[in-house]
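[1] This is a predicted model, with the sequence first.
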Amino acid sequence: AEAQQPAKVPRIGVLLPFPAPTPAAPSPTLDAFRQGLRELGHVEGQSIAIEYRYAEGKFERLPDLAAELVRIKVDVIVTSGEPAIRAAKRATSQIPIVMAAVGDPVVTGLVASLARPGGNITGLSLLAPELAGKRLELLKETLARLSRVAVLWNSPSVAMRHTFREAQVAAGVLGLTFISLEVQGNPEDFERVFSMIPRERPDGLFVTLDPFTRLHRRRIVELAAKHQLPSIYEHREFVDAGGLMSYGPSVRDMWRRAATYVDKILKGAKPADLPVEQPTRFELVINLKTAKALGLAIPQTILMRADHVIR
């Protein structure tokens, strides 16, 4: 009898702009992704192999890392954030790409539309721009004195420019004076923009989310605390790092959902035929330790709506 050929083990490439996780700094999002795969019957090291590539915060490395995944012929690339997704898109038009989380892939030109993405990219959208107004409403409800709001944003990002405009419009509707704190992808920019706080005298801060601000979240939170500035963020990682509050989709849940796209693609589905998923569940996270340090009493109306409270 002829020897049976061993089944080919699919290889998943994971491309991320951030440092590799460590025991001291694990990655809840990657844990959620692997959990999602296990729920669908895919076990790393057994039925699938995962090739991890981390840019370690050096975004200029992303194109080479994406090209490396293409060279080793992974079956699908999973990635997150506009810079990494764009690097993967430039590296291949054939290998399917799953976006685990991205602001607005249509505005940034990553897909043709949410319903029919076309090409080799699909996945999940954070819908960040449309939520800017809701975040400012929550900040205003939390801070009775709020009349001047600062918005920290990374201007080289197309998605962040869109979020910035949405926040600007929302601030006008809410009757808030709007202050722009613009950074340009340089870590030294944070010291510069926060030095404007004593002069501009904002009552609160809204920090927009992109890979650059996420990478430097601890520094942003530290500077907000130094200036006694109550802040709202788009992602709970900032609150876990000491930020006051966040409102947005659960990125962990999105990474777990990304596993369903990988499963469908490994079973033969084409990315062009898989609509980009929009979040349906949003979480409000409050850090009461930070509120106490700011001398701030969080209204009961906010606490009752919180999904997670850090005490």
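    Noted; the coordinates are in hand. Model, not experiment: these values are computed from the prediction.

[2] Whichever strand or helix holds residue 32 packs against which elements?
    Per DSSP states H and E, residue 32 falls inside helix 28-39. With contacts taken as 3 or more CB pairs under 8 Å, 6 or more residues apart in numbering; DSSP states H and E, helix 28-39 sits against helix 251-266. Where C-beta positions appear, they are placed from N, C-alpha and C, glycine not excepted.

[3] Can you mark which positions in the helix it packs on are buried?
    251-266 (16 or more other CB atoms under 10 Å).

[4] and it, C-alpha only, in PDB?
    The C-alpha coordinates for helix 251-266 follow below in PDB (Å, rounded to 0.1, in the frame of the first residue of the first chain):
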ATOM      1  CA  VAL A 251     -10.600  44.900  20.700                       C
ATOM      2  CA  ARG A 252     -10.000  41.600  22.400                       C
ATOM      3  CA  ASP A 253     -13.400  40.400  21.200                       C
ATOM      4  CA  MET A 254     -12.500  41.600  17.600                       C
ATOM      5  CA  TRP A 255      -9.300  39.600  17.600                       C
ATOM      6  CA  ARG A 256     -11.400  36.600  18.700                       C
ATOM      7  CA  ARG A 257     -13.800  37.300  15.900                       C
ATOM      8  CA  ALA A 258     -10.900  37.500  13.400                       C
ATOM      9  CA  ALA A 259     -10.400  33.800  14.000                       C
ATOM     10  CA  THR A 260     -13.800  33.200  12.200                       C
ATOM     11  CA  TYR A 261     -12.500  34.900   9.100                       C
ATOM     12  CA  VAL A 262      -9.300  32.800   9.200                       C
ATOM     13  CA  ASP A 263     -11.400  29.700   9.500                       C
ATOM     14  CA  LYS A 264     -13.600  30.600   6.600                       C
ATOM     15  CA  ILE A 265     -10.600  31.500   4.400                       C
ATOM     16  CA  LEU A 266      -8.800  28.200   5.300                       C
END
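
[5] after that helix comes which helix or strand?
    Heading C-terminal from helix 251-266 (DSSP H and E), you reach strand 282-287.

[6] Now do that next one and helix 251-266, the angle between them.
    140 degrees (axes from the mean of the first three to the mean of the last three CA atoms, to 10 degrees).

[7] For strand 282-287, enumerate the helices and strands it packs against.
    By 3+ CB pairs under 8 Å, 6+ apart, strand 282-287 packs against helix 236-240, strand 245-249, helix 300-303, strand 308-310.

[8] Kindly reformat these as JSON lines containing distance to residue 32 and mean pLDDT.
    Shown next, in JSON lines, are the helices and strands packed on strand 282-287 (distance: least, CB to CB, whole Å; pLDDT from 0 to 100):
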{"stretch": "helix 236-240", "distance to residue 32": "13", "mean pLDDT": "96"}
{"stretch": "strand 245-249", "distance to residue 32": "13", "mean pLDDT": "96"}
{"stretch": "helix 300-303", "distance to residue 32": "26", "mean pLDDT": "96"}
{"stretch": "strand 308-310", "distance to residue 32": "15", "mean pLDDT": "97"}
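
[9] Any idea which of the ones you listed gets closest to residue 58?
    helix 236-240 (19.8 Å; CB to CB).

[10] which residues are in contact with the closest one?
    207, 214, 217, 220-221, 231, 233, 245-246, 248, 250-251, 283, 285-287, 290, 308, 310 (CB atoms under 8 Å, 6 or more residues apart in numbering).

[11] swap in stretch 131-143?
    Contacts of stretch 131-143 (CB under 8 Å, 6+ apart): 146, 149, 163, 166-167, 169-171, 173-174, 176, 203-204, 206, 208, 230, 232, 234, 245, 247-248, 282, 284, 296, 298-299, 301-302.

[12] ok so, going back, turn the helices and strands packed on strand 282-287 into JSON lines, columns for mean neighbour count.
    Converted to JSON lines, these look like this (neighbours: other CB atoms under 10 Å):
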{"stretch": "helix 236-240", "mean neighbour count": "22"}
{"stretch": "strand 245-249", "mean neighbour count": "24"}
{"stretch": "helix 300-303", "mean neighbour count": "12"}
{"stretch": "strand 308-310", "mean neighbour count": "15"}
